[in-house]
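# below are the sequence and a predicted model for it; my questions follow.
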Amino acid sequence: MDLERHEYDVVVVGAGGAGLRAAIEASESGARTAVVCKSLLGKAHTVMAEGGIAAAMANLYPEDNWRVHFRDTMRGGKMLNHWRMAQLHAQEAPDRVRELEDWGALFDRTPDGLISQRDFGGHRYARLAHVGDRTGLELIRTLQQRTVALGIDVYMECTVTRLLTDADGITGAFGYWRESGRFVAWQAPSVVLATGGIGKSYKVTSNSWEYTGDGHSLALQAGATLVNMEFVQFHPTGMVWPPSVRGILVTESVRGDGGVLRNSAGNRFMFDYIPDFFRKETAETEEEADRWYDDKRNNRRPPELLPRDEVARAINSEVKAGRGTPHGGVFLDIASRRSAEYIRKRLPSMYHQFRELAEVDITAEAMEVGPTCHYVMGGVEVDPDTQAARVPGLFAAGEVAGGMHGSNRLGGNSLSDLLVFGRRAGLAAAEHALQRTGRIALDDDALADAGRAALAPFEREGGENPYTVQHDLQQTMHDLVGIIRTAPEVQQALERIAALRQRVADLSVEGHRQYNPGWHLALDLPHMLLVSECIAKAALEREESRGGHTRDDFPATDAEWARTNLVCSRAPDGSVALTRQPLPQMPHELAEIFEEVPA
Amino acid sequence: MTYDATFRVWRGDAGGGDLQTFTVAVNEGEVVLDVIHRLQATQVGDLAVRWNCKAGKCGSCSAEVNGRPRLMCMTRMSTFGEDETVTVTPMRTFPVIRDLVTDVSFNYTKAAQIPAFTPRPRDEDGNHRVQQVDVERSQEFRKCIECYLCQDTCHVIRDHEENKAVFAGPRFLIRLAELDMHPLDVRDRRGAAQDEFGLGYCNITKCCTEVCPEGIHLTDNGIIPLKERVVDRRYDPLTWLGSKIGRRPRQ
Ligand SMILES: Cc1cc2nc3c(=O)[nH]c(=O)nc-3n(C[C@H](O)[C@H](O)[C@H](O)COP(=O)(O)OP(=O)(O)OC[C@H]3O[C@@H](n4cnc5c(N)ncnc54)[C@H](O)[C@@H]3O)c2cc1C
Ligand code: SF4
Ligand code: SF4
Ligand code: FES
């Protein structure tokens, strides 16, 4: 087999915010470091992030601090978050944001010249450091330029298809160049997974083609575990019209900056959907809600800024009740509430996106929006301090890691998560590599097997078209394991997934190995399928509703489930095994925060 | 609202290729990239194309549509007549890898050569203080999504392979301008802009500005001011002397 080989201390799979931050830290810790990514450098999903990075820097509200951020994060996740991750995240995010400035980032400023912060759902104070509504671009470009300045090796348009292990843990990874289809193997004692999410398993999603759950699946196959997979975030505001842009994100900043949701009768319906859990901190009248934008001390937050799961469910209910817009969404109106100049200044890319793609001028008319699959809270189960997975030498950071966000993620908490835990993963991966003694070697049989598996779709004649199979999987997940779930539907999804597994085993592709998207998809599909199975199995097991998991047949939260995590692992026969695991207990001094910080 | 469109798409690789004609369905509200995807899913599974965000944010889907450098995901089908043939070809400035995918490594090479951002020290409390007006000039250039459409358009390198060694192209001239105007950066790159990145090759035709999907005023706000600053530096005898005798290190 024609195989290119390389040797490193740390190989980072993924070049989004988490992967680049990990690589920077590993490299600065003295580890020989490589980054591998499916797209060109700078195109990872992080580039699409709009609203901002959550960090309690207290630049606008001196009363803000990590304890308030910690509390907001835990409450947003309905207390299922790993407390230690939520704590580290809240404590370290401000420093991670400040250090971006030393690498060239240019955030919007307060009148005092400090980094400006904006409001987002679930955050008690204006907390999101931002650059207009293109914060992700600023983040990725800054980290990309830093990575280049440090001279870190980047393998771009290169896909990892296998992790390699021996009895002592990770030995490296195997993949192919998208351009040539040639194989490549990296020998390394530490691998950091930073592959992002799973949204491409759903039909309506804000996610790009890269989000096929590769890291989740690679980790599971290498013997690691996944936690909280039933929790998938549907962002309340995706575009709904025209059909070709359905799912593309409309940033939460529209609401943070004053936009409100209305149904076809013109009512601000969110006031009808305030759950008891958040009632004390949410405005009761439109007047109070409107005053809040200027005076947060004496008014409570508008219900449009409840956590995403609440808003998404409310929109879903309004549409179901027949109060939706002509294209099956609701109205998001900022035009009647803010000046055209303000809107263009604060939301330039939303303005551009609607004008170009929907021929809607958001400074003059309302947008039509509806829920879109956006983020997976579930991911690789890791040690909160080091991001180490259960396989020695394997680390995971960013969206592919689980635990940090519990059952629902607050807006802005992902970009900060990438920085805080990307750095920690890079540090721990470098330490592991420098400490690991004894020779590691790549097993020839394992390499040959990985090569054979990758080429199989070319060998089969007249098999299934990968695009058709992908479409059927997306439809299944959308219809049966979507925003609202019931046991019979999820069971039906699992049957369809079983049938799809047969079809994935029978894929065939035309053409040759050079830059062949059909072949690439054929290799992504097994990952999508495995991840979908994890989501469906966990969704069937958790008989309650919480955060990004709503069961129509069990609409309430349940005290027992409040103490329980679901963990997926790979059974010896290759199927997904599910176990219940007690939630890690928060120490007393953190538990106190929930009493000391008023709602 | 569905109709059948005629698409001519360039297919081939470094060894050569040609325009192939397809009849393909188009639905209301679609963009060129949707139609390319439909071709992939139904007629030519191995048609090579780059894309990520499908919302004009990542700069992956650059190509030439009816000869104009464009993002395929932001080119609406409604801008063409239903009986108009739509021709999609790869960017001409870069070598073809396959079909619509080109080898853009030139850009990554140039990016790596630019002297890195070098900040002034932070204030005593650990913050950097800068006013909004001072960040806005560089922010305009940091909107760049690295689609390389400006590079594709610029005549200095579009048909002149030989200039690629000496000219970094508009995307990197504005990167230099961005750093030059950056309120926290302390490094002087004006000499390098002229000598290593070929600022002098630009004769301000403004074609780059015209194609930029981010609406960045590359020439007026970036390249021209940079040229003026380079001239100032050259004719400022003190700076010149400083850089010669090495008391102010020329970085
Ligand atoms: C439209 C949109 C707006 C958002 N806005 C915000 C916001 O304002 N604030 C916020 O906090 N969050 C936001 N999010 C969420 C946030 O952007 C993502 O969760 C985050 O960027 C994920 O970063 P990551 O580093 O984990 O992964 P990514 O940035 O997605 O990077 C994944 C990387 O892994 C690589 N990869 C994947 N599989 C493989 C493989 N098999 N082999 C090699 N490489 C592989 C990919 O090529 C890519 O480089 C937004 C998300 C979207 C979609
Ligand atoms: S203005 Fe300069 S950089 Fe821009 S296209 Fe013309 S010559 Fe090239
Ligand atoms: S300056 Fe504009 S055209 Fe050039 S690469 Fe950046 S976004 Fe594209
Ligand atoms: S796909 Fe991202 S710009 Fe077109």
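Sure, I can see it. Ligands and ions are numbered 1, 2, ... in the order given.

# which parts of the stretch 51-200 of chain A sit against chain B?
By the rule C-beta under 8 Å from any C-beta of the partner chain, the part of the stretch 51-200 of chain A lying against chain B is A:98, A:101-104, A:106-109, A:112-116, A:131-132, A:134, A:137-138, A:141, A:145, A:148-149, A:179. For glycine as for every other residue, the C-beta is placed from the backbone atoms N, C-alpha and C.

# 7 Å - rerun?
Proximity of the stretch 51-200 of chain A to chain B is confined to A:98, A:101-104, A:106, A:108-109, A:112-114, A:131, A:134, A:137-138, A:141, A:145, A:148-149, A:179 under the rule C-beta under 7 Å from any C-beta of the partner chain.

# list the contacts for A:Gly405?
To be clear, residue A:405 is His; Gly isn't right here. By C-beta atoms under 7 Å, 6 or more residues apart in numbering or on different chains, the residues touching A:His405 are A:Gly77, A:Asn81, A:Met377, A:Asn413.

# verify the contact between the last one and A:Ala54 for me.
When you say that, I think you mean A:Asn413. Yes - with contacts defined as C-beta atoms under 7 Å, A:Asn413 counts as touching A:Ala54 at a distance of 4.9 Å.

# neighbours around A:Gly30, how many?
When neighbours are defined as other C-beta atoms under 10 Å in any protein chain shown, A:Gly30 has 12 of them.

# for it, give me its contacts.
A:Gly30 is in contact with A:Ala430, counting by C-beta under 7 Å, 6+ apart.

# mind showing which ranges of the chain have poor pLDDT?
I'll assume chain A. The model of chain A has pLDDT under 70 over residues A:596-599.

# my question was about chain B
Low-confidence segments of chain B, defined by pLDDT under 70, are located at B:234-251.

# quick one: name the residues of it near ligand 2.
Along chain B, the residues adjacent to ligand 2 under the rule C-beta under 6 Å from any ligand atom are B:153-154, B:156, B:170, B:202-208, B:218-219, B:223.

# now do the contacts for A:Phe277.
Shown in contact with A:Phe277 (C-beta under 7 Å, 6+ apart): no residues.

# can you say which helix or strand has it in it?
Assigned by DSSP states H and E, A:Phe277 belongs to helix A:276-279.

# got the CA positions of that helix in PDB?
What follows is helix A:276-279 as a C-alpha-only set of coordinates in PDB (Å, rounded to 0.1, in the frame of the first residue of the first chain):
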ATOM      1  CA  ASP A 276     -41.500  28.400  36.300                       C
ATOM      2  CA  PHE A 277     -37.800  27.600  36.500                       C
ATOM      3  CA  PHE A 278     -37.100  31.000  34.900                       C
ATOM      4  CA  ARG A 279     -40.100  33.000  36.000                       C
END
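
# got the buried residues for that helix?
Of the residues in helix A:276-279, A:Phe277, A:Phe278 count as buried by neighbour count, 16 or more other C-beta atoms under 10 Å in any protein chain shown.

# list the buried residues of the helix or strand following that helix.
Toward the C-terminal end, the helix or strand that comes next after helix A:276-279 (DSSP H and E) is helix A:286-292. Along helix A:286-292, the positions that meet the burial threshold by neighbour count (16+ other C-beta under 10 Å) are A:Glu288, A:Ala289, A:Arg291, A:Trp292.

# distance of the first one relative to A:Phe271?
By that I understand A:Glu288. Relative to A:Phe271, A:Glu288 is positioned 10 Å away (criterion: C-beta to C-beta, to the nearest Å).

# swap in the last one?
Distance from A:Trp292 to A:Phe271, counting by C-beta to C-beta: 13 Å.

# how about the helices in chain B?
Along chain B, the segments classed as helices by DSSP state H run B:32-42, B:105-113, B:132-142, B:149-153, B:155-158, B:170-181, B:190-195, B:207-211, B:224-235, B:237-245.

# now those helices in CSV, with mean neighbour count and distance to A:Met477?
Putting the helices of chain B into CSV (neighbours: other C-beta atoms under 10 Å in any protein chain shown; distance: least, C-beta to C-beta, whole Å) gives the following:
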stretch, mean neighbour count, distance to A:Met477
helix B:32-42, 21, 18
helix B:105-113, 16, 36
helix B:132-142, 18, 37
helix B:149-153, 26, 35
helix B:155-158, 19, 45
helix B:170-181, 24, 39
helix B:190-195, 19, 51
helix B:207-211, 20, 39
helix B:224-235, 15, 50
helix B:237-245, 12, 62
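
# among the residues of the stretch 51-200 of chain A next to chain B, which are in strands?
Restricting these to those inside strands, with DSSP state E as the criterion, leaves an empty set.

# now those residues: which count as buried?
By neighbour count, with 16+ other C-beta under 10 Å, those hold A:98, A:101-104, A:106, A:108-109, A:113-114, A:131, A:134, A:137-138, A:141, A:145, A:148-149, A:179 as buried.

# contacts with ligand 3 among those, please.
Within these, nothing lies near ligand 3 by C-beta under 6 Å from any ligand atom.

# who's in contact with B:Val135?
Listed by C-beta under 7 Å, 6+ apart, the contact partners of B:Val135 are A:Leu106, A:Arg109, B:Pro183.

# any idea how far the last one lies from ligand 1?
B:Pro183 is 24 Å from ligand 1, where distance means C-beta to the nearest ligand atom, to the nearest Å.

# of the residues of chain B next to ligand 2, closest to A:Lys280?
Within those, proximity to A:Lys280 (C-beta to C-beta) peaks at B:Leu218, which comes in at 51.9 Å.

# would you check that A:Leu521 makes contact with A:Gln470?
Yes - shown here, A:Leu521 and A:Gln470 form a contact pair, counting by C-beta under 7 Å, at 6.2 Å.

# ok, the closest residue to B:Arg229 other than its chain neighbours - contacts?
Leaving out its chain neighbours, the residue that sits closest to B:Arg229 by C-beta to C-beta, 6 or more residues apart in numbering or on different chains is B:Arg190, at 5.8 Å. With contacts defined as C-beta under 7 Å, 6+ apart, the neighbours of B:Arg190 are B:Asp180, B:Arg229, B:Val230, B:Arg233.

# one more pass at 8 Å, please.
Listed by C-beta atoms under 8 Å, 6 or more residues apart in numbering or on different chains, the contact partners of B:Arg190 are B:Asp180, B:Leu226, B:Arg229, B:Val230, B:Arg233.

# hmm, A:Asp558 is touching A:Arg551, no?
No - in this structure, A:Asp558 is not within contact of A:Arg551 by C-beta atoms under 8 Å, at 10.0 Å.

# which residues do those two both contact?
With C-beta under 8 Å, 6+ apart applied, the overlap between the contact sets of A:Asp558 and A:Arg551 consists of A:Glu543, A:Glu544.

# and the two? Which one has more around it.
More neighbours surround A:Arg551 than the other of A:Asp558 and A:Arg551, with 20 against 14 (other C-beta under 10 Å).

# quick one, phi psi at the more buried one?
A:Arg551 has phi and psi values of phi -110, psi 120 when expressed as degrees, to the nearest 10.

# ok, the one 3 residues further on next?
Backbone dihedrals for A:Phe554, given as degrees, to the nearest 10, come out at phi -140, psi 70.

# count of residues packed around it?
Counted with other C-beta under 10 Å, the burial measure for A:Phe554 works out to 18 neighbours.

# give me the neighbour count for the nearest residue to B:Val130 once chain neighbours are set aside.
Distances taken as C-beta to C-beta, 6+ apart place B:Pro183 nearest to B:Val130, at 4.5 Å, with adjacent residues excluded. B:Pro183 has 19 neighbouring residues, counting by other C-beta under 10 Å.
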